[in-house]
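Trainee: Need a 3D model of the sequence below.
(4 chains)
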There are 2 protein chains.
Amino acid sequence: MAEASVATAKPIKTALTGDDGIDFAIIELFFFAYRDFTSDPDQILADYEFGRAHHRILHFVNRMPGLTVAELLDVLKITKQSLARVLKQLIDTGHIIQVQGPRDRRQRELYPTAKGRTLALDLARPQSRRIREALRDAGPGDREAVERFLKAMVNPELRPQIDNLP
Amino acid sequence: MAEASVATAKPIKTALTGDDGIDFAIIELFFFAYRDFTSDPDQILADYEFGRAHHRILHFVNRMPGLTVAELLDVLKITKQSLARVLKQLIDTGHIIQVQGPRDRRQRELYPTAKGRTLALDLARPQSRRIREALRDAGPGDREAVERFLKAMVNPELRPQIDNLP
DNA sequence: AAATTTATGTCAGTCATGTTGACATATTTT
DNA sequence: AAAATATGTCAACATGACTGACATAAATTT
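Mentor: From the prediction side, this is the model:
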């Protein structure tokens, strides 16, 4: 009887801890670290009335100029309808321009403009500074350990994509 | 003249690289790693028609049983209106229960039920497994390097909050 | 005892970013 | 000529955040 009623379910008063076989320390550190890592560019983006979606697109167009819409969708793992609205805003504001593909004229190659390059750098700078400061007191090999860890956290099938970046 | 027109802005064809003074390697690794890290619980949550918001609430209620609504808001850094809907669903589905504060009867202490404890563990398990596998081939001290790095990525004023977890 | 502050809940509206499904167009490949 | 591909666009919807306003109960201050 009692266990069928939500109202009578008993509160558990003991905390989950690492003793339960779960690596809560890194789970939580990862959550807080990523939240603050993304808060830096968020502040700048607000001035442009842009969001994180704009940031991601602008970032990869700057890192891989000339990539096509399909390639960008593959990197971001979102649908083209999601991309469309945000990409259109970046094009309308002159941060990104589309160039018809030279071989295949159906394709649209995406390039940053000078304005888009400047914004991409402005957004990346505080993130890079945060990383630099986080590694300032790191010992030799620590940076490599962090890189190996982060890469190993990525799904194996996606790792080649990362290696393709400049 | 020409520079005033969006249509005539010139495409930049060179890629942004580490030479531009930005740590793109870790910026991108962090992005991809976090995306895949969160994809594990997302799959499980979909079965319950829950989202990441439910996960975060359930996680911290399990890690800090008896915390009040105000304390939870402070950890998550969201508004009470954002919390309300999602918390209500977790209460209605019997994952979390509220207990009137013993000292201050205005407060509502939040506790997981057995059902909520089980789900929290089910969600944490694949994340912990991913971390374990990412660290499997790590050298001695690598884990500590990763922990130090992640903690240093968090805003300094929030680090005490992390130290308070069990 | 009355006034104020605090903790929580709730209503209403808005926004950003994602989703699915359907369909149009131009271009390339078969 | 037909089929496949790359892109764009329309419509409807879901999630999870936001702001602002207001209500209630309880604790604290005056």
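
Trainee: now A:Phe31, nearest residue through space, not along the chain?
Mentor: Leaving aside its sequence neighbours, A:Phe31 sits nearest to B:Arg56 (C-beta to C-beta, 6 or more residues apart in numbering or on different chains; 7.7 Å). Using the backbone N, CA and C atoms, a C-beta is placed for each residue, glycine as well.

Trainee: Can you say which helix or strand has the one you found in it?
Mentor: helix B:52-63 (DSSP states H and E).

Trainee: returning to that earlier point: do you know how far the residue nearest to A:Phe31 is from A:Thr38?
Mentor: 15 Å (C-beta to C-beta, to the nearest Å).

Trainee: Would you mind telling me which of those two has the busier surroundings?
Mentor: B:Arg56 (18 against 15; other C-beta atoms under 10 Å in any protein chain shown).

Trainee: In this structure that one contacts B:Lys77, no?
Mentor: No: using C-beta atoms under 8 Å, B:Arg56 makes no contact with B:Lys77, being 10.5 Å away.

Trainee: residue ranges for the helices of chain A, please.
Mentor: Applying DSSP state H to chain A gives helices spanning A:24-48, A:52-63, A:69-76, A:80-92, A:114-134, A:142-153, A:159-163.

Trainee: What's the local residue count around the residue in chain A positioned nearest to DNA strand C?
Mentor: Residue nearest to DNA strand C within chain A (C-beta to the nearest atom of the strand): A:Gly51, separated by 1.3 Å. Other residues within reach of A:Gly51, judged by other C-beta under 10 Å, total 13.

Trainee: Might one say that it is in contact with A:Pro41?
Mentor: No: look at A:Gly51 against A:Pro41 with C-beta under 8 Å: they stay out of range, at 10.0 Å.

Trainee: Mind listing residues that contact stretch A:36-54?
Mentor: A:55, A:82, A:86, A:89-90, A:93, A:119, A:122-124, A:126-127, A:130, B:30, B:153-155, B:158 (C-beta atoms under 8 Å, 6 or more residues apart in numbering or on different chains).

Trainee: 6 Å instead, please
Mentor: A:His55, A:Val86, A:Leu90, A:Leu123, A:Pro126, A:Gln127, B:Met153, B:Val154, B:Asn155 (C-beta atoms under 6 Å, 6 or more residues apart in numbering or on different chains).

Trainee: Please list the residues of chain A that sit near DNA strand D.
Mentor: Contacts of chain A with DNA strand D, taken as C-beta under 7 Å from any atom of the strand, map to A:68-70, A:80-81, A:84, A:87-88, A:98, A:101, A:104, A:106-108.

Trainee: Between those, identify the one with the most neighbours.
Mentor: Going by other C-beta under 10 Å, A:Leu87 tops the residues of chain A next to DNA strand D with 23 neighbours.

Trainee: give me every residue that touches that one.
Mentor: Contacts of A:Leu87 (C-beta under 6 Å, 6+ apart): A:Ile57.

Trainee: distance of A:Gln89 from chain B?
Mentor: 12 Å (C-beta to the nearest C-beta, to the nearest Å).

Trainee: ok, and the closest non-adjacent residue to that residue?
Mentor: A:His54 is the one closest to A:Gln89 (C-beta to C-beta, 6+ apart), at 6.8 Å.

Trainee: Count residues in the vicinity of that neighbour, would you?
Mentor: A:His54 has 22 nearby residues by other C-beta under 10 Å.

Trainee: just for chain A, where's the confidence low?
Mentor: Counting by pLDDT under 70, chain A has low-confidence residues at A:1-8.

Trainee: Quick check: the spatially most central residue of it vs A:Lys151, distance?
Mentor: In chain A, the C-alpha nearest the mean C-alpha coordinate belongs to A:Arg56, at 6.2 Å (C-alpha atoms, centre = their mean). With the distance defined as C-beta to C-beta, A:Arg56 ends up 19 Å from A:Lys151.

Trainee: before we move on, back to that, tell me the phi and psi of the residue of chain A closest to DNA strand C?
Mentor: phi -120, psi -170 (degrees, to the nearest 10).

Trainee: For chain B, see how far away it is.
Mentor: Distance from A:Gly51 to chain B, by C-beta to the nearest C-beta: 15 Å.

Trainee: just A:Ile91 next, same as before
Mentor: 8 Å.

Trainee: how many neighbours does A:Gly139 have?
Mentor: 12.

Trainee: re the thing from before, as CSV, the contacts of stretch A:36-54 with neighbour count and distance to DNA strand C would be great.
Mentor: Shown next, in CSV, are the contacts of stretch A:36-54 (neighbours: other C-beta atoms under 10 Å in any protein chain shown; distance: C-beta to the nearest atom of the strand, whole Å):
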residue, neighbour count, distance to DNA strand C
A:His55, 22, 8
A:Val86, 19, 6
A:Leu90, 23, 11
A:Leu123, 24, 13
A:Pro126, 15, 17
A:Gln127, 24, 16
B:Met153, 24, 21
B:Val154, 22, 23
B:Asn155, 15, 21
